[in-house]
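build me a model from this:
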Amino acid sequence: MERLLSALFYLRKFFVEGLCAFLILTFIIFIYAPDILNFMQAYLNERLAYYGVFEPVVALIKLSSMLSLVILSPWLLFRLSQAIRHAFGLSLRFSVLVMLSGLFLFFTGFFFCFFITLPFGVNFLLQFGSDTLRPIISVERFVSFTGLFLIGFGIIFELPVIMVIVTKTGLLTPDVFLRYRKYAILLVAVAAAALTPTPDVFNMALMGIPLYVLYEIGIIISRLLLRR
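Just a heads-up that it's a prediction; the model follows:
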């Protein structure tokens, strides 16, 4: 617990730095946010509407802030890796590998959702429309829906990195991951049901299978790391 608190205190030093970068980047992206929103509409083949005077502005602010977090993800992962290194006395090489692996997995999950899961999910949800029942999608809810799923997939794909970190720091061992594998499968199914846009089996499999594969990869890497 002391080491975890030490990591949090270490990160606190960079709070102002991160907040300033986030606000500046959000303001810059906000200038181009309408073009980005038009691209998203065209990509998903949807027409959006709004129901309040301030809703378009709120939607553009949300879009800008979410994209800002995505762009700042390398900086966030760098600071997190340095905090873990500082708190647990890990090597510079390990912290660099954690940062690069986390960055790769985050954007893998992000683009996996963008190119595969999200289009399938949106098309599935809107196929229930008809000539008498036409969907009218709120721009603010559209931005929240797509943004949360894209970032959520990126974070979920960090699973192997998290498993390696807790193994390296001695918080857990690969034997624990093996012992609770059946519960991990249940959690993967729950996460897939919660994070995929639709409840159908196909879209759940698109999320669940890669997530379980990542869990097994995390076990393998953790065992190799512990053996070394």
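
the bottom helix or strand of this protein by mean pLDDT?
In the chain, no helix or strand scores lower on mean pLDDT, DSSP states H and E than helix 2-12, which sits at a mean of 74.

the longest helix seen in the chain to helix 2-12, inter-axis angle?
Selection of the longest helix in the chain by residue count, based on DSSP state H, yields helix 15-44. Using axes from the mean of the first three to the mean of the last three CA atoms, to 10 degrees, the inter-axis angle of helix 15-44 relative to helix 2-12 is 80 degrees.

and the helix or strand that helix 15-44 is followed by, what other elements does it pack with?
Toward the C-terminus, helix 15-44 is succeeded by strand 48-49 as the next helix or strand (DSSP states H and E). When contacts are defined as 3 or more CB pairs under 8 Å, 6 or more residues apart in numbering; DSSP states H and E, strand 48-49 sits against strand 137-138, helix 139-156. Yep, even glycine has a C-beta here, placed from its N, CA and C like the rest.

could you identify the helix or strand that succeeds the longest one?
Later in the chain than helix 139-156, the nearest helix or strand by DSSP H and E is helix 159-168.

need the CA coordinates for the following helix or strand past that following helix. CSV is fine.
Remark: after helix 159-168, the chain's next helix or strand is helix 174-179, criterion DSSP H and E. C-alpha atoms of helix 174-179 as CSV (Å, rounded to 0.1, in the frame of the first residue of the first chain):
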residue,chain,number,x,y,z
PRO,A,174,1.2,-16.2,-12.7
ASP,A,175,-0.1,-19.1,-10.5
VAL,A,176,-2.9,-16.8,-9.3
PHE,A,177,-3.9,-16.0,-12.9
LEU,A,178,-3.9,-19.7,-13.7
ARG,A,179,-5.9,-20.6,-10.6
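
can you list contacts of helix 174-179?
With contact meaning CB atoms under 8 Å, 6 or more residues apart in numbering, helix 174-179 is reached by 163, 167, 184, 215, 218-219, 222-223, 226.

same check, this time on stretch 209-228
Identification of contacts with stretch 209-228 by CB under 8 Å, 6+ apart yields 105, 112, 156-157, 159-164, 167-168, 173-174, 177-178, 181, 184-185, 188, 191-192.

buried sites along that stretch?
Residues 210-212, 214-215, 218-219, 221-223 are the ones in stretch 209-228 that count as buried (16 or more other CB atoms under 10 Å).

which residue packs closest to Gly152, ignoring adjacent ones?
Leu195 (5.3 Å; CB to CB, 6 or more residues apart in numbering).

please report phi then psi for that neighbour.
For Leu195, the backbone dihedrals (degrees, to the nearest 10) come out as phi -90, psi -20.

show me the contacts for it.
Residues in contact with Leu195 (CB under 8 Å, 6+ apart) are 149, 152-153, 156, 207.

same list, those residues, but as a markdown table with pLDDT and neighbour count please.
Formatted as a markdown table, those follow (pLDDT from 0 to 100; neighbours: other CB atoms under 10 Å):
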| residue | pLDDT | neighbour count |
| --- | --- | --- |
| Phe149 | 86 | 21 |
| Gly152 | 88 | 18 |
| Phe153 | 90 | 25 |
| Ile156 | 90 | 20 |
| Met207 | 81 | 28 |
